[in-house]
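**Student:** got a sequence here, can you build the structure:
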Amino acid sequence: ELQHRNFDLAIARFSEALDLQKGILGAGHPKVIATLDNLGYSLSKCKSYEEARFCYNDMLKAQLLHYETFNAECYETLGKQLLMYEKLNDWKGATKATKRALEKALNVPKVSNEYIEKLQRLRSELKAKSKWWRR
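**Tutor:** Okay, here's the model as predicted:
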């Protein structure tokens, strides 16, 4: 119970900080990205998986703004977002999120073919899993 209350307090503080940081520094600033990561983690610890998923989605958008490409950090953030989909047993949503990430990756400069291939493989695996769960 104490740990849950601590995460509730952390969520409140990270949310306040995020609002200030976005207003002052802009959505793609590294401090905003770090705060989104901390907020997403805290939300997931409180089992607020849907909110954490949205947070990690915002984090991915911020990373794409900051780095102007899809890199290892973006791929890691997508992994965090997909973990939230898994906690929600939403394989169809995970597949769609991967498709959106692949589309974003294809539309930014300097993206490595390695990440395009990883995203394509991941999407295929999730589509298969989604079909399996619908049986």
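
**Student:** could you list the low-pLDDT ranges of the protein?
**Tutor:** Along the chain, the parts satisfying pLDDT under 70 run over 1-4, 131-135.

**Student:** 50 instead, please
**Tutor:** Along the chain, the parts satisfying pLDDT under 50 run over 1, 135.

**Student:** what are the ranges of the helices in it?
**Tutor:** Remark: helices assigned in the chain by DSSP state H are 2-25, 30-45, 49-67, 72-87, 91-106, 113-133.

**Student:** neighbouring contacts of the fourth one?
**Tutor:** This points to helix 72-87. 37, 40, 44, 47, 49-50, 52-53, 56-57, 59-60, 63-64, 67, 91, 93-94, 97-98, 101, 105, 115, 118-119, 122, 126 (Cβ atoms under 8 Å, 6 or more residues apart in numbering). For every residue, glycine as well, the C-beta is placed using N, CA and C.

**Student:** ok, now how distant is the nearest residue to residue 97 once chain neighbours are set aside from residue 9?
**Tutor:** Excluding the flanking residues, the one nearest residue 97 by Cβ to Cβ, 6 or more residues apart in numbering is residue 81, at 5.9 Å. Between residue 81 and residue 9 the computed distance is 24 Å (Cβ to Cβ, to the nearest Å).
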